[in-house]
Each structure stands twice: as structure tokens, then as C-alpha cells.
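# Fold the following and give me the result.
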Amino acid sequence: MSLERALLDGIASDGGLYLPQRLPQFVPEDFSAAQSIQQVAQLYMTPYFEGSTLEGELQNILAETLSFEIPGSPICIDGNTEAMLELFHGPTAAFKDVGAGFLAACFSRLNQGATASITILVATSGDTGGAVAAAFDGRPGVRVVVLYPEGRVSDRQAHQLTCWGDNVLSLAVQGSFDDCQSLVKAAMADTALNQRHRFSSANSINIGRLLPQSIYYVDASLRHYRKTGNKPGFIIPTGNLGNAFACIMARESGIPIGDIVLATNMNTLIGDYLAGADWTPRASIQTLASAMDVGNPSNMERLQSVLGDAVALRRQIRVFSADDENIRQEIATIHKESGIAICPHTATATFAYRQLAAKDRADKDWILVSTAHPAKFESITEPLIGETIPLPEGLANILSKPSRYSIIEPTLQSLVMQLDGTPMTGHK
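Numbers count the residues shown, from 1 in each chain. Below you'll find the predicted structure:
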């Protein structure tokens, strides 16, 4: 399967997920001349694009993808100073902006000259849909259909999902994120429906989401390795395992990355599986870290394919789970310790750091991943820190737009009615 076919299909015809036949292999010295994240990305992504019709466009695609800052900053936890990778400086103030921007840059080139538009289906537990809608808003030849669980995202997240132009259809599903994800998979598996609408996906089931998300792990680890000679470990908030798997892909390609720790919320299937439970999908639990409310993480099949079963996984990753009270305590305590506000998802990472053994914290270098701007969750964060969090300019612009959406039942029939033209029912 070519790269462009995998991008456009989103999901394989048998319902499985695409992986590269082999991961390219690097050593740190391969990047010795690369000083900017764009230069690092060019070197890292070139093997994936070789032979593709997009090969000559890679530099321009990456320039569009990495058009905003991805800085590191210090964070103090229990008297220890570690690094925090800030992934929330994109248009919708969440890490999904990297993968969404990459897909938009690729799709707009792949669909040039086509007589029919592509319909991108995206299930979202909070942030993905907004990032994808922003990236594709107004682009010709592409329609975006956003499915999100009604009442299970923050007000500002909901606004980000519903305030776009005519090529974005926003659907509030009367169910959970897992219902939304199941609808996407069912629609894409329906051959006649797929042919009628030319479906693709922008969830992390699409390999085009994971490849660009590996870039910031490659860049951050190389910068740390050059400075200290140590391989940094990463602590990553995760729900559907996409962002976590992007880091694992980078490490399996020879990038100098140490331990990988996954932080989850009360949806504990990943941790339970590593502890010996069967991999049995569950109904998702609604939590303060809403973008991680996933009961059936799709990317586990990729993780198992690359690293092995639960026994093998236990040797290569660790998982810690934070409940809502842990999240509240972390938001308040981090503000006291470091003077910064963090979102509920980032709070699961700081909680996971505190669970590490004292020797791990003393002897190893850690980079905690901050996945969203705290202003997106002001109703949670501001009462805990006693301050108003200023809105980033991009987020303020989005929130000033009017929103529109339809409410649907979690059935394929309800989705098909919307795809075929039932008008919007919700406005504000």
C-alpha cells in the first residue's frame, strides 16, 4: 500500500489499521546538521515519503504543519525540576493541531484536480475534532464530519467543534466517544456508503496522524541528548494511544528516548491489561480529562504489533492512572509549586511522575507532555488556582464565532441522514 493510499483510506478494508512495513532506523548523528524542528522533521520523515507522489512536497507540507512554536519549559514537582513539552500553541490550543495540520496539507495536495470531494470522518473526545475542523476549514474538495459525545466535552471544546464553515458538519452524538468511534468505523466499512462519500479519517486510526506527532518527540529528545548525553524519558497523557504510539514509533526507530510512561484517567483498560487483565473493551467513564475518556483504545493493535503482548509491553512501558480527585490536587499543587496552570490531561502526567520510584526520579531525566492549554478547561482549572487564565489569541478568535450543530442518535442510520443532507438542528 502506498503512503498516499493509506492516508486517503484512513483505515484498511478489513477494518484494521495501517503500519509501515518497516520503521526507518536512525542514530543521533544522522541529525547532527539539523538545528530547527523543521530540519529534524525533514530528515525523519523522508524515508516515509520516498517514492510517494508527495515526496517533492514534503518540505512545504512540514512548513505548514510546524507553523507554530513547540517549546519546552521547566516544571517543579516535589522539589525536582523537570522539562515540560508544551504542545498547545497551535490554532486550537491542543497537541492535535500538529497531526491535523499535516493531514490537511497532504489531503489538499492529494485531492487536487479530483472531481469529487473527500469526506473526512472524525470522532472526537474533545480536541481532535476542533483541530481537524480548523485545519480543513474552507479548503476546497474536502468535507469534514465531526462526531462528538453530547455533554461530555467542556463548553469551550464544544464551541471549537461547532463554529466552522460550510464544509464542516458538526454532530453531537447521544452517547460516548466510543459510540462516535464505532460510527466512524461502521460508516467506513459500508462499501456503498464509502463509494458515495469517499470517506477518510482524521482520527489517530489514520497513520497520517501518528507520523507527524512523532516529530516533536524526535526533536525534544535529540535536543536533550545533545545537551546532556542522556536519553530523556517521556510521561504522556493518553486515551486512544495515538500520541503515546507516536513516541514509541520514534524510539523504535533509534531515536534517543529512554523510559516511556503512560498517564491515563479513570478509563484504566490499558493499565489493567498490562497488569494481567484481558483486553476487553469497556464503556468509557466520563472524567475531568475528557479528551482521554476512551474505553476501547484503537491503537492498542498497533502497539501489540510493534512491541508484543502484555508481557512484552510491561518490559517497555509503564502506566499510572489518575482519578478526578488526583487531577484536582495536581492542578492546585502544580500551581503552588511552579506558578503555572495546567490542564486536566497534563495533570495526569504530573500525577504519574509522583508515582515513580525515588531512584527513577533522581537518576533519570524526564519530559512531561502537556497536551492542551488550561484555558480550554477554565471551569475546572480557575477555581482550583484562584486565577483567571488568559485566552490565547487563536482560541479567543475561535470562541467569538457562532456555532451550529446537529444532535443525532448513536446509529449509522442517523449518521447517514446527516451525510445525505438533513439540515442542522442546533444553533447558538
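# Can I get stretch 10-29 as PDB, trimmed to CA atoms?
Output of stretch 10-29 as PDB, limited to C-alpha atoms (Å, rounded to 0.1, in the frame of the first residue of the first chain):
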ATOM      1  CA  GLY A  10      -7.600   6.100   6.800                       C
ATOM      2  CA  ILE A  11      -8.500   2.500   7.700                       C
ATOM      3  CA  ALA A  12      -7.800  -0.700   5.900                       C
ATOM      4  CA  SER A  13     -10.500  -2.600   4.000                       C
ATOM      5  CA  ASP A  14     -10.600  -5.300   6.700                       C
ATOM      6  CA  GLY A  15     -11.100  -2.800   9.500                       C
ATOM      7  CA  GLY A  16      -7.500  -3.000  10.700                       C
ATOM      8  CA  LEU A  17      -5.000  -0.100  11.000                       C
ATOM      9  CA  TYR A  18      -2.100   0.600   8.700                       C
ATOM     10  CA  LEU A  19       1.500   0.400   9.900                       C
ATOM     11  CA  PRO A  20       4.800   0.900   7.900                       C
ATOM     12  CA  GLN A  21       6.200  -2.400   6.700                       C
ATOM     13  CA  ARG A  22       9.300  -1.400   8.500                       C
ATOM     14  CA  LEU A  23      10.400   1.500  10.600                       C
ATOM     15  CA  PRO A  24      13.400   3.500   9.300                       C
ATOM     16  CA  GLN A  25      16.400   3.300  11.600                       C
ATOM     17  CA  PHE A  26      18.400   6.300  12.700                       C
ATOM     18  CA  VAL A  27      21.300   7.200  15.000                       C
ATOM     19  CA  PRO A  28      21.500  10.600  16.700                       C
ATOM     20  CA  GLU A  29      24.400  11.600  14.500                       C
END
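# can you give me how far it is from the chain middle?
Mean C-alpha position of stretch 10-29 versus that of the full chain (CA atoms, centre = their mean, to the nearest Å) differs by 17 Å.
# pLDDT of that stretch, averaged?
Average pLDDT, stretch 10-29: 93.
# now stretch 385-400
93.
# can you list contacts of it?
89-93, 130, 134, 156, 159-160, 163, 331-332, 335, 341, 373-376, 378, 381-382 (CB atoms under 8 Å, 6 or more residues apart in numbering). No exception for glycine: its C-beta is placed from N, CA and C like everyone else's.
# Just the endpoints, please. Distance across it?
Chord length of stretch 385-400, first to last residue, is 25 Å (CA to CA, to the nearest Å).
# Tally up the residues packed near the closest residue to Thr162 other than its chain neighbours, please.
Spatial nearest neighbour of Thr162, chain neighbours left out: Ser403 (3.7 Å); criterion: CB to CB, 6 or more residues apart in numbering. Each residue near Ser403 was counted by other CB atoms under 10 Å, and the total is 17.
# likewise Asn265?
So Asn265, with other CB under 10 Å, has 30 neighbours.
# so it touches Glu325, yeah?
No. Using CB atoms under 8 Å as the test, Asn265 is too far from Glu325 to be in contact (11.5 Å).
# List the contacts of Ser67.
Gly101.
# Roughly how far does it sit from Arg152?
Distance, Ser67 to Arg152, by CB to CB, to the nearest Å: 30 Å.
# Find the residue ranges of the stretch 1-150 of the chain scoring beneath the pLDDT cut-off.
Scanning the stretch 1-150 of the chain for pLDDT under 70 picks out 113-115.
# those strands in it, which residues are they?
Along the stretch 1-150 of the chain, the stretches classed as strands by DSSP state E, counting those that start in this stretch are 72-77, 80-86, 118-123, 142-149.
# Pipe those into a markdown table and attach mean neighbour count and distance to Thr348 per row.
Shown next, in a markdown table, are these (neighbours: other CB atoms under 10 Å; distance: least, CB to CB, whole Å):
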| stretch | mean neighbour count | distance to Thr348 |
| --- | --- | --- |
| strand 72-77 | 16 | 13 |
| strand 80-86 | 18 | 13 |
| strand 118-123 | 27 | 21 |
| strand 142-149 | 25 | 19 |
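# Now render those strands as a markdown table, adding distance to Ala189.
Shown next, in a markdown table, are those (distance: least, CB to CB, whole Å):
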| stretch | distance to Ala189 |
| --- | --- |
| strand 72-77 | 41 |
| strand 80-86 | 36 |
| strand 118-123 | 11 |
| strand 142-149 | 15 |
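# Between those strands, which one is closest to Ala250.
Closest to Ala250 of the strands of the stretch 1-150 of the chain is strand 80-86 (CB to CB; 12.8 Å).
# Can you list the strands that that closest one pairs with?
Strand 80-86 pairs in its sheet with strand 72-77 (antiparallel), strand 366-370 (parallel), by DSSP bridges.
# What segments of the stretch 251-400 of the chain are helices?
269-274, 300-307, 310-314, 324-338, 344-355, 358-363, 378-385, 393-399 (DSSP state H, counting those that start in this stretch).
# Using the neighbour-count criterion, name the buried positions in the third one.
In other words, helix 310-314. By neighbour count on 16 or more other CB atoms under 10 Å, the buried set for helix 310-314 is Ala310, Leu313, Arg314.
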